[in-house]
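1. only geometry, no sequence info:
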């Protein structure tokens, strides 16, 4: 079945460092891809999405490009802030009902 | 949009008791999803409604679980005869169409003692 694999955390960075979180997927078709973020004590929020190959999603300085050839959707940010500390989930929609399949999540800790 | 709301936010119960959770989606959203998230894992799909019709249920949803969405508005998720393994965060999400963003509620954290 369809699945999402993302790098394990925690990822610990200093403020202003470059962040990359790897995400790869397996799917029978061409799913829509998402990054969700969960800040401490808060609910899941959509960070960005891409619906077809070569699309780039971006938001709040984060970017991810839908790479069909490598079945990847890696999340990047050039300069992280302490406020970016959160758990990040890669996900895909894998059927006509729109159900989301999530990865296990990657905790990011940014220190001053 | 007032956002997706869930009630209660926290529930502690004893094994064998029944619990019911409520989700109020964003008002114009006809699609509603329930997910379950255990510690250190991503959310897993439980069930899906389009308007009042429950169109799919995950195999994770045993016979002890039932969900309703009367009149296509709010939804309830009931767990009968709770077990310790039911301890998790129960998340509700809604959207207008398959392609549009699913907006998540804050979740209901269940602890079964």
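-> Right, received. Where do you want to start? In this text, all values refer to a predicted model and were calculated from it rather than measured experimentally. Residues are numbered from 1 along each chain as shown, chains lettered A, B, ... in the order given.
2. residues near the closest residue to chain A within chain B, how many?
-> Residue nearest to chain A within chain B (CB to the nearest CB): residue B:42, separated by 3.0 Å. For every residue, glycine as well, the C-beta is placed using N, CA and C. The number of residues packed near residue B:42 is 22, by other CB atoms under 10 Å in any protein chain shown.
3. ok, it touching residue A:88?
-> No. Contact between residue B:42 and residue A:88 fails when scored by CB atoms under 8 Å: they sit 10.4 Å apart.
4. so what sits against both of those two?
-> Residues touching both residue B:42 and residue A:88 (CB atoms under 8 Å, 6 or more residues apart in numbering or on different chains) are residue A:105.
5. follow-up on the earlier one: who's the closest residue to the residue of chain B closest to chain A other than its chain neighbours bridged to?
-> Of all residues not flanking residue B:42 in the chain, residue A:102 sits nearest, at 3.0 Å (CB to CB, 6 or more residues apart in numbering or on different chains). Under DSSP bridges, the beta-bridge partners of residue A:102 are residue A:91.
6. now swap in residue A:45 and tell me
-> residue A:37.
7. surely it meets residue A:59?
-> No. Between residue A:45 and residue A:59 there is no contact under CB under 8 Å: 9.9 Å.
8. so where's chain B shaky on pLDDT?
-> Applying pLDDT under 70 to chain B flags residues B:1.
9. now stretch A:44-52: mean pLDDT?
-> Throughout stretch A:44-52, pLDDT has a mean value of 94.
10. and the residue of chain B closest to chain A, its phi and psi?
-> Main-chain dihedrals, residue B:42, degrees, to the nearest 10: phi -80, psi 160.
11. all strands of the chain, in order?
-> Picked chain A for this. A:3-6, A:11-14, A:19-21, A:23-26, A:32-38, A:44-50, A:56-59, A:62-65, A:75-77, A:86-93, A:100-102, A:106-111 (DSSP state E).
12. you looked at the wrong chain, it should be chain B
-> Counting by DSSP E, the strands of chain B are B:5-7, B:10-13, B:19-24, B:31-37, B:44-50, B:53-57, B:65-68, B:75-79, B:88-95, B:103-104, B:108-112.
13. will you turn those strands into a markdown table that also has distance to residue A:108?
-> Output for the strands of chain B, formatted as a markdown table (distance: least, CB to CB, whole Å):
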| stretch | distance to residue A:108 |
| --- | --- |
| strand B:5-7 | 25 |
| strand B:10-13 | 26 |
| strand B:19-24 | 28 |
| strand B:31-37 | 18 |
| strand B:44-50 | 22 |
| strand B:53-57 | 33 |
| strand B:65-68 | 33 |
| strand B:75-79 | 30 |
| strand B:88-95 | 19 |
| strand B:103-104 | 19 |
| strand B:108-112 | 22 |
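14. save these as a markdown table, and put in mean neighbour count and distance to chain A too.
-> Formatted as a markdown table, the strands of chain B follow (neighbours: other CB atoms under 10 Å in any protein chain shown; distance: least, CB to the nearest CB, whole Å):
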| stretch | mean neighbour count | distance to chain A |
| --- | --- | --- |
| strand B:5-7 | 17 | 9 |
| strand B:10-13 | 14 | 12 |
| strand B:19-24 | 19 | 12 |
| strand B:31-37 | 24 | 6 |
| strand B:44-50 | 21 | 5 |
| strand B:53-57 | 14 | 6 |
| strand B:65-68 | 17 | 14 |
| strand B:75-79 | 19 | 15 |
| strand B:88-95 | 23 | 7 |
| strand B:103-104 | 22 | 4 |
| strand B:108-112 | 18 | 11 |
